[in-house]
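**Student:** The following comprises the amino acid sequence and a computationally predicted model.
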Amino acid sequence: MPTGSSDWVIISGANGSLGRAIVDHFAALDRPILALDRSVELIETVNRPSIHARAVDLTAEADVKALLDEVIPRSDRLCLLVNAVGLIWNEPVLKLRGANLQVHSLENWRRVIEANLTAPFAMASLVAARMARKGGGAIINFSSIASRGNVGQAAYSAAKAGIEGLTRTMAAELGPVGIRVNAIAPGFFDVPSTRAAMSDEQLKALADQTPVRRLGQTGELIDAIDFLAGNDFVNGVVLDVTGGLKL
């Protein structure tokens with residue numbers, strides 16, 4: 001995909017471990033970046049004039065649209081959206097607490113679906129509307145290794161399965177106007193958020209179960225993003241970046 005100095009990259013979920021790595025990657029390429037998340041305090045510590053960090057609720061459609069119009073001139077092109085927003089959540093459908101049977105919280109279900117499916121959809125649809133007026137672009141959504149189902153992650157798995165269906169549908173609908181839509185399904189990566197969520201023993205067990213016998217490195221995820229962003233004949237694909245691990 002040819003790029004110029006007015007070709008923007010938009011990154012949702014930019015304040016997370018992987019999101020910040022994606023921001024750093026495109027900032028090093030001197031691309032103008034709109035970095036979005038509910039909080040952008042960590043992004044704001046990066047002193048690069050090309051990074052425009054904004055805090056926003058991505059499900060607030062009017063706020064996101066106003067932000068796009070405020071930051072990105074109408075004459076500029078929205079070249080790429082990396083839709084990395086999401087919330088990992090562990091909660092089984094049923095759980096025994098002593099003698100009581102606890103059912104998955106409907107409030108938590110809605111929160112996880114909103115963060116992992118509604119927010120990416122809202123972001124992608126608004127960006128696609130701008131892309132369609134300026135000759136197209138590329139959208140990369142984030143699915144997960146859990147999209148095919150993972151014990152203890154009913155809401156998260158359902159949301160990520162939805163992302164894959166959304167990706168393929170948008171690819172078919174938007175391809176004719178020059179917008180390619182793909183997704184990445186990451187496995188387990190060696191980033192601070194993973195280490196914070198799991199013990200050393202759990203991380204070692206995951207590495208041992210992975211055919212390549214290790215966790216993923218951030219640069220390998222960036223390579224996958226660059227591939228999907230740069231190959232103009234790849235559309236409607238969900239790319240597993242898991243080291244061969246199957247849950």
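**Tutor:** Happy to help now that I have it.
**Student:** How about the contacts made by Pro120?
**Tutor:** Contact analysis of Pro120 by CB atoms under 8 Å, 6 or more residues apart in numbering lists 12, 58, 83, 85-86, 141-142, 163, 166. Where C-beta positions appear, they are placed from N, C-alpha and C, glycine not excepted.
**Student:** Surely it is in a strand?
**Tutor:** No - counting by DSSP: H, G, I helix; E, B strand; the rest coil, Pro120 falls outside a strand, being helix.
**Student:** How much space separates it from Val46?
**Tutor:** Between Pro120 and Val46 the distance is 23 Å, computed by CB to CB, to the nearest Å.
**Student:** helices or strands up against the helix or strand harbouring Lys65?
**Tutor:** If you go by DSSP states H and E, Lys65 is part of helix 61-71. Judged by 3 or more CB pairs under 8 Å, 6 or more residues apart in numbering; DSSP states H and E, helix 61-71 is in contact with strand 33-37, strand 51-55, helix 119-133.
**Student:** okay, the ones you listed, which one's buried deepest?
**Tutor:** Highest mean neighbour count among those (mean count of other CB atoms under 10 Å): strand 33-37, with a mean of 26.
**Student:** Need the residues that contact that strand.
**Tutor:** Strand 33-37 is contacted from outside by 8-16, 19, 23, 26-27, 43, 50-56, 58, 64, 67-68, 71-72, 85, 123, using CB under 8 Å, 6+ apart.
**Student:** ok, now stretch 52-69?
**Tutor:** By CB under 8 Å, 6+ apart, the surrounding residues in contact with stretch 52-69 are 12, 14, 32-40, 43-44, 71, 78, 85, 114, 118-120, 122-123, 126-127, 130.
**Student:** picking up where we left off before, make CSV from the helices and strands packed on helix 61-71 and add distance to Lys95 to it.
**Tutor:** Converted to CSV, these look like this (distance: least, CB to CB, whole Å):
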stretch, distance to Lys95
strand 33-37, 31
strand 51-55, 34
helix 119-133, 27
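**Student:** centre of the chain versus stretch 76-93, how much separation?
**Tutor:** Centroid displacement of stretch 76-93 relative to its chain, using CA atoms, centre = their mean, to the nearest Å, is 3 Å.
**Student:** Show the end-to-end separation of it, please.
**Tutor:** Length of stretch 76-93, first residue to last, CA to CA, to the nearest Å: 46 Å.
**Student:** likewise stretch 204-215?
**Tutor:** OK, stretch 204-215 end separation, CA to CA: 9 Å.
**Student:** and the helix holding Lys65, average pLDDT?
**Tutor:** What helix 61-71 shows for mean pLDDT is 94.
**Student:** Now do the buried residues in that helix.
**Tutor:** Of the residues in helix 61-71, 64, 67-68 count as buried by neighbour count, 16 or more other CB atoms under 10 Å.
**Student:** Extract the C-alpha set from it and format it as PDB.
**Tutor:** Output of helix 61-71 as PDB, limited to C-alpha atoms (Å, rounded to 0.1, in the frame of the first residue of the first chain):
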ATOM      1  CA  GLU A  61     -20.200   7.100  18.200                       C
ATOM      2  CA  ALA A  62     -20.700  10.800  18.200                       C
ATOM      3  CA  ASP A  63     -17.600  11.400  20.300                       C
ATOM      4  CA  VAL A  64     -15.400   9.200  18.100                       C
ATOM      5  CA  LYS A  65     -16.700  10.900  14.900                       C
ATOM      6  CA  ALA A  66     -16.100  14.300  16.300                       C
ATOM      7  CA  LEU A  67     -12.600  13.300  17.300                       C
ATOM      8  CA  LEU A  68     -11.800  12.000  13.800                       C
ATOM      9  CA  ASP A  69     -13.000  15.200  12.300                       C
ATOM     10  CA  GLU A  70     -11.100  17.300  14.800                       C
ATOM     11  CA  VAL A  71      -7.700  15.600  14.500                       C
END
